[in-house]
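**Student:** A structural model of the following input is requested.
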Amino acid sequence: MELFENLQDWFSDQALTSSILKYLAWIVLVFILIAWTRRWMKKNLHDNSIKYKAQKAIQVVGYLLIVLITISYFTGSIKDFGLAMGLLTAGITITLQELILSIAGSFYIFFVRVYKPGDRIELNGIKGDVIDIDSMYTTMMEIGKWVSSDNYSGRIVKLSNAFVFKGPVYNYSLDFPFVWDEFDLPIRYGSDIELAKKIVISVAQENLSEYVQNSIAQWKGVVNKYYIEDAQVDPTLAITMTDNWVQLNLRYIVDYKKRRITKHLLNEEIGKRIQKTNGKVKLASATFEIVNIPTVHINDTKKTAQSD
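**Tutor:** Residues are numbered from 1 along each chain as shown. Now for the predicted structure:
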C-alpha cells in the first residue's frame, strides 16, 4: 500500500515523465492488440484472401489509433486534432516526404483498389506479380529482365508505394484478365496462301475458343464501365506483302498468365500442319539461296605461249 502511494506521489511530481510513460504504455498496448488479433486471424480464418485483407485492415486501424493517441498527448485534447495535424504536417513534410507518400500510397492502393495481391502489374518499369502490400512497400515477384517472355526471374522486388503517384500503373488483371497478343508467320511467294490462311485460322480457333468465350462477357463489362470502343475478341488475320515473303499476322486474345505457352502451342501446331501440305505451303526465311552457279572458264595464257 505504501509502495503504491509512493509511486503515485512520484508520478505526481514527475508530470512530464509520467505522461511519456503513459503514452508509451498505450502504444505498446496497441501493438500487442494488433499482434494478438493478427495471430488469431491466422488460426481461425481459412480463406487466404479474406485472411490477408483482414490482417491489413487491422494494421491500418492500429496505425490510426497510434496517430489519435499521439495527437491527444501532444495537444491535450482531440478537439485540436485539425490544428495539430496541420502543424505536424508542415513540420515533417520536407524531411519525411517519401515516407508520407509511401503511407498515403498504401491507403490509396487499399481503398481505390489500384491493385491487390495476385495481380500482375508494371510499376516504375518493373513488371511482376504482386505478392504483398504493406504500409510502405509493394512486394513483387519479378517477371522478365534477363529471362524471356513472361517468366519469373526469381528476384523479389520491393517498391515504395509512393510510385503509384509518380507514374502510370499497368495492371494486367484488373477488370479484364486477358491481353491481346500477336505473332508473324512468313510464307514464301508461290505457296498456296489461301491454304496457309485456313491453317492459321483453324488452329487459332481450336486452341483459343475457351479464352474467347470467357473474355466476351468481361470485355462487355469494360466497355460499359469505361469510355472505350468495342473490340473484336475473336482471332483475326492480316496479310502484308513484303519484298521477300507474304507475312501473315495473327492477332488473338489470351489469359495474361498464359501468353508464352499459348504462343508455343499455336506455333507448334501450325508448323505440323504446314509440313503435311507436301510443299503447298512453305515457310520463308531471311537466308539467301544460291539457285545456280555459273560456269567459269579460265584461260592459262602462259601454258598456251609455251606450246607455241
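
**Student:** can you give me the strands in this protein?
**Tutor:** Counting by DSSP state E, the chain has strands at residues 120-123, 126-133, 137-143, 152-160, 169-171, 178-187, 236-241, 246-255.

**Student:** The closest residue to Leu101 other than its chain neighbours: how many residues sit nearby?
**Tutor:** Computed as Cβ to Cβ, 6 or more residues apart in numbering, the closest residue to Leu101 that is not its neighbour in sequence is Ala162, at 3.5 Å. All C-beta spots, glycine's among them, are computed from the backbone N, C-alpha and C. Ala162: 21 surrounding residues under other Cβ atoms under 10 Å.

**Student:** What of Gly167?
**Tutor:** Count around Gly167 with other Cβ under 10 Å applied: 11.

**Student:** Just give me the neighbour total for the nearest residue to it once chain neighbours are set aside.
**Tutor:** Once flanking residues are discounted, Gly167 sits nearest to Asn124: 6.3 Å by Cβ to Cβ, 6+ apart. A count of neighbours around Asn124, defined by other Cβ under 10 Å, yields 15.

**Student:** What distance do you get for Asn124 to Gly105?
**Tutor:** 12 Å (Cβ to Cβ, to the nearest Å).

**Student:** Centroid-nearest residue for this protein?
**Tutor:** Central residue of the chain (Cα atoms, centre = their mean): Ile121, 1.6 Å from the mean position.

**Student:** Show me the shaky parts of the stretch 201-308 of the chain.
**Tutor:** 287-308 (pLDDT under 70).

**Student:** just the helices in it please.
**Tutor:** 259-275, 301-307 (DSSP state H, counting those that start in this stretch).

**Student:** OK, contacts around the closest residue to Met140 other than its chain neighbours?
**Tutor:** Nearest residue to Met140, sequence neighbours excluded (Cβ to Cβ, 6+ apart): Gly128, at 3.6 Å. When contacts are counted by Cβ atoms under 8 Å, 6 or more residues apart in numbering, Gly128 touches Arg120, Ile121, Met140, Met141, Glu142, Ile143, Tyr152, Val157.

**Student:** Identify the bridge partners of the last one.
**Tutor:** Taking DSSP bridges, one obtains Met140 as the residues bridged to Val157.

**Student:** How about the first one?
**Tutor:** Beta bridges link Arg120 to Asp129 when assigned by DSSP bridges.

**Student:** Pretty sure it sits against Leu174.
**Tutor:** No - Arg120 is beyond contact range of Leu174, at 9.6 Å (criterion: Cβ atoms under 8 Å).

**Student:** okay but Lys280 is in contact with Glu194, surely?
**Tutor:** No - at 10.1 Å, Lys280 does not count as touching Glu194 under the criterion of Cβ under 8 Å.

**Student:** Between those two, tell me which one has more neighbours.
**Tutor:** Between Lys280 and Glu194, counted using other Cβ under 10 Å, Lys280 has the larger neighbour count: 12 against 9.

**Student:** Let me see the contact set for the closest residue to Phe176 other than its chain neighbours.
**Tutor:** Among residues not flanking Phe176 along the chain, Val222 sits closest, at 5.0 Å (Cβ to Cβ, 6+ apart). The contact partners of Val222, by Cβ under 8 Å, 6+ apart, come to Asp175, Phe176, Ile228.

**Student:** what's the spacing between Val222 and Arg259?
**Tutor:** 19 Å.

**Student:** With Ala25 instead?
**Tutor:** For Ala25 relative to Arg259 (Cβ to Cβ), the value is 55 Å.

**Student:** for Asp243, same thing?
**Tutor:** From Asp243 to Arg259 the distance is 30 Å (Cβ to Cβ).

**Student:** So for those two, which sits in the more crowded spot?
**Tutor:** In this view Asp243 and Arg259 are compared by other Cβ under 10 Å, and Arg259 has more residues nearby, 15 against 5.

**Student:** For stretch 230-239, buried residues please.
**Tutor:** Buried positions in stretch 230-239, judged by neighbour count with 16 or more other Cβ atoms under 10 Å: Val233, Pro235, Leu237.

**Student:** How about stretch 28-36?
**Tutor:** For stretch 28-36, the neighbour count (16+ other Cβ under 10 Å) marks Val30, Ile34 as buried.

**Student:** mean confidence for that stretch?
**Tutor:** Computed over stretch 28-36, the mean pLDDT rounds to 83.

**Student:** centre of the chain versus that stretch, how much separation?
**Tutor:** Relative to the chain's own centre, stretch 28-36 is displaced by 33 Å; criterion: Cα atoms, centre = their mean, to the nearest Å.

**Student:** Stretch 254-263 now?
**Tutor:** The answer for stretch 254-263 is 15 Å, by Cα atoms, centre = their mean.

**Student:** Now tell me what touches that stretch from outside.
**Tutor:** Against stretch 254-263 from outside (Cβ under 8 Å, 6+ apart): 120, 149-151, 172-173, 177-181, 183, 207-208, 211.
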